[in-house]
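> fold the following.
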Amino acid sequence: MKTTVEELDDNKVKLSVEVEAAEFEVEVEKAFKKIGRDVNLPGFRKGKVPRKVLEARFGSGMARGQALEDSIPDYFLNALGDHEIDMISPPEYDITGGMEAGDLQFDAVVAVRPEVEISGYDRIKVEIPAPSPTDDEIQERIDSFLTQFGELASVERAAADDDTVTMDIVTTHEGEEVEGLTAGDYSYKVGSGGLVPDFDENLLGASIGDSIEFDADHPDPEEDGKLSFVVEIKDIQEQVLPELTDEVVKNATDFATADEWRADMVAEMTTGKAVRSNNLWREKAAEALGALVTDEPPVALVDTEVRQQVEDMARRLQQMGIGFEQYMQMTGTSVDDMFEQMREPAIASVKVDQALRALATSEGLNADEADVDAEFAALAEDTGMSLDDLKSQISTKNQLMLMKADISKRKAVDWLLERVEVVDEDGNTIDKDALELAAQPPEEAEEE
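Below you'll find the predicted structure:
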């Protein structure tokens, strides 16, 4: 097989392929066998009809046409691998010779992945939450734990958020009392949003003995007019929390002391925040890298990414026992709407992919044979398959090209994360080594 490549405009190439008649004859013979399996002729068992009989009955054109249909895509893929062409859309074939006899000749025009250039990737700075809990966050968690043991106590001050106010309420709508919104000795937690939106706002700052009158929109949108409230404040209570003692902890947990419980709680919070910060570090670094790509990516790449995202979503829904069509009906979304919603995230994802490839090329991080051997060894360990079986499955040059691209992008990610500057909300530099260590499972962290 002979091949040549010609670069065209708009990120396209024309791949010209020539297959000698003797080589193509092997495909014609396969086509005759394929046809013979589906033909019933008197005197012959199905699938055992000789080629000469088939040629005499049907001519050679049928088998040659079948051979062209079956073999051209394979010849094309082999040529792609030979020239390491990274196509991003289906090819357009044009058979230029060999339709009826002789050498097979065809052209394939295909869109290829454009190469982009980026700059500034060595100066990326990202901001993420601090990976350790603050004193306020720790105290908030302790208070949340102690809330189950808290008691209400009356206070001589104005009502504030989270206070419990006891009151008499009279609510009228167009002069008539509203059942359900009129009550005596009604207890209400300020800030809970349990009644109409304006209710909490009017309670804040009120004191015992105050009488408050105000109007508010009716919660039922079908009702016209305002609701009129008259509220008499009878008592204001705040929740008083006990101290964090060994006795409190022992009665509510499996820990013997308050210090043990607190240490475990802080460790859990630290791991959780570190994992979230670690993920955000990677996500924001990738987003910042992708933002360095200024050209709009090819539509073919974006369409492919959109389809992939929709398919991933459908698989996740299926795992939850929800069919894709059922989800569309539940959300009132059409397939076209879904694809349109996915387009912006898909563009961002494609730009990240382009930027990683560009970084790998610029910094000499492209996969070599040692990287490929290590990848095969890791796959063999993960799958339990032998190296020979794996290599036989990933045998074409095109498949190896895809594997090398994945390896190169992972190397680019590692290069980027090692160099990106990471700071917290206050601009303080975050230790990335500590960030990764804290986000690891305890057993792995201990090994480190």
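
> assign a three-state SS to residue 152, would you?
strand (DSSP: H, G, I helix; E, B strand; the rest coil).

> same question for residue 166.
strand.

> residue 231 is in contact with that one, correct?
No: using CB atoms under 8 Å, residue 166 is not in contact with residue 231; the gap is 10.9 Å. (C-beta placed from N, C-alpha, C; glycine too.)

> of these two, give the one with the bigger neighbour count.
The neighbour comparison of residue 166 against residue 231 (other CB atoms under 10 Å) goes to residue 231, with 22 against 18.

> hang on, that one in a strand?
Yes: when three-state DSSP is applied, residue 231 is found to be in a strand.

> is it bridged to anything, and to what?
Counting by DSSP bridges, residue 231 is bridged to residue 169, residue 212.

> show me where the stretch 151-300 of the chain has its helices.
According to DSSP state H, counting those that start in this stretch, the stretch 151-300 of the chain carries its helices in the segments 197-203, 246-252, 258-290, 299-319.

> let's check: the centremost residue of this protein is which one?
residue 309 (7.8 Å; CA atoms, centre = their mean).

> if I pick that one, what's in contact with it?
By CB atoms under 8 Å, 6 or more residues apart in numbering, residue 309 lies in contact with 342, 345, 346, 349.

> which helix or which strand is home to residue 358?
Residue 358 belongs to helix 335-362 when assigned by DSSP states H and E.

> for that helix, buried residues please.
For helix 335-362, burial by neighbour count (16 or more other CB atoms under 10 Å) applies to 338, 342, 346-360.

> now for it, which elements pack on it?
helix 258-290, helix 299-319, helix 397-419 (3 or more CB pairs under 8 Å, 6 or more residues apart in numbering; DSSP states H and E).

> redo those as JSON lines? Include mean pLDDT.
Below are the helices and strands packed on helix 335-362 laid out as JSON lines (pLDDT from 0 to 100):
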{"stretch": "helix 258-290", "mean pLDDT": "93"}
{"stretch": "helix 299-319", "mean pLDDT": "92"}
{"stretch": "helix 397-419", "mean pLDDT": "91"}
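
> burial measure for residue 142, as a count.
With other CB under 10 Å as criterion, residue 142 counts 17.

> residues contacting it?
244, 262, 265.

> weed out the non-buried ones from the residues you listed.
The neighbour count (16+ other CB under 10 Å) marks 244, 262, 265 as buried among those.

> and which of the residues you listed is nearest residue 415?
residue 265 (37.2 Å; CB to CB).

> quick check: chain neighbours aside, which residue is closest to residue 152?
residue 237 (4.1 Å; CB to CB, 6 or more residues apart in numbering).

> so that neighbour versus residue 392, what's the distance?
Distance from residue 237 to residue 392, counting by CB to CB, to the nearest Å: 75 Å.

> ok, these two, which is more surrounded?
residue 237 (17 against 10).

> does residue 352 touch residue 291 like I think?
No: Residue 352 is not in contact with residue 291 according to CB under 8 Å; the separation is 9.0 Å.

> quick one: residue 181 and residue 324, what's the gap?
Distance, residue 181 to residue 324, by CB to CB: 44 Å.

> residue 405 too?
Residue 405 is 30 Å from residue 324, by CB to CB.

> could you do residue 412 as well?
Using CB to CB, we find residue 412 at a distance of 34 Å from residue 324.

> so for these two, which sits in the more crowded spot?
Neighbours were counted for residue 412 and for residue 324 using other CB under 10 Å; residue 412 has more, 23 against 16.

> so the more buried one is in contact with residue 364, correct?
No: look at residue 412 against residue 364 with CB under 8 Å: they stay out of range, at 10.7 Å.

> so for residue 114, which of the helices of the stretch 151-300 of the chain sits nearest?
helix 299-319 (8.8 Å).

> list the buried residues of that closest one.
So for helix 299-319, counting by 16+ other CB under 10 Å, buried means 300, 301, 302, 303, 305, 306, 309, 310, 314.

> stretch 415-423 now?
For stretch 415-423, burial by neighbour count (16+ other CB under 10 Å) applies to 415, 416, 417, 420, 422.

> out of these, flag the one nearest to residue 192.
Out of the buried residues of stretch 415-423, the member with the shortest distance to residue 192 (by CB to CB) is residue 422, at 38.6 Å.

> spatially nearest residue to the closest one, not counting backbone neighbours?
residue 430 (4.5 Å).

> surely that neighbour meets residue 278?
No: applying CB under 8 Å as the test, residue 430 and residue 278 come out as separate, 10.2 Å apart.

> hey, what's in contact with both of those two?
What both residue 430 and residue 278 touch, as defined by CB under 8 Å, 6+ apart, is the set residue 131.

> how about residue 213, nearest residue that isn't a chain neighbour?
Using CB to CB, 6+ apart, the nearest residue to residue 213 is residue 230, at 5.2 Å.

> and the one you found, how close does it get to residue 202?
Using CB to CB, we find residue 230 at a distance of 11 Å from residue 202.

> got any residues that touch both of those two?
Overlap of the contact sets of residue 230 and residue 202 (by CB under 8 Å, 6+ apart) consists of residue 212.

> do I have it right that residue 193 meets residue 200?
Yes: contact criterion CB under 8 Å: residue 193 and residue 200 qualify, at 6.4 Å.

> with neighbour numbers in mind, choose between these two.
A count of neighbours by other CB under 10 Å puts residue 200 above the other of residue 193 and residue 200, at 18 against 10.

> quick revisit: need the contacts of residue 142 in TSV (columns: distance to residue 172).
Shown next, in TSV, are the contacts of residue 142 (distance: CB to CB, whole Å):
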residue	distance to residue 172
244	47
262	51
265	49
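
> ok, the residues you listed vs residue 379, which is closest?
residue 265 (40.5 Å).

> for the closest one, which non-adjacent residue is closest in space?
Per CB to CB, 6+ apart, closest to residue 265 is residue 141, 6.1 Å.

> same question for residue 156.
residue 208 (7.4 Å).

> tally of neighbours for the residue nearest to residue 265?
By other CB under 10 Å, 16 other residues sit near residue 141.

> phi and psi next, for residue 389.
Residue 389 has phi and psi values of phi -60, psi -40 when expressed as degrees, to the nearest 10.
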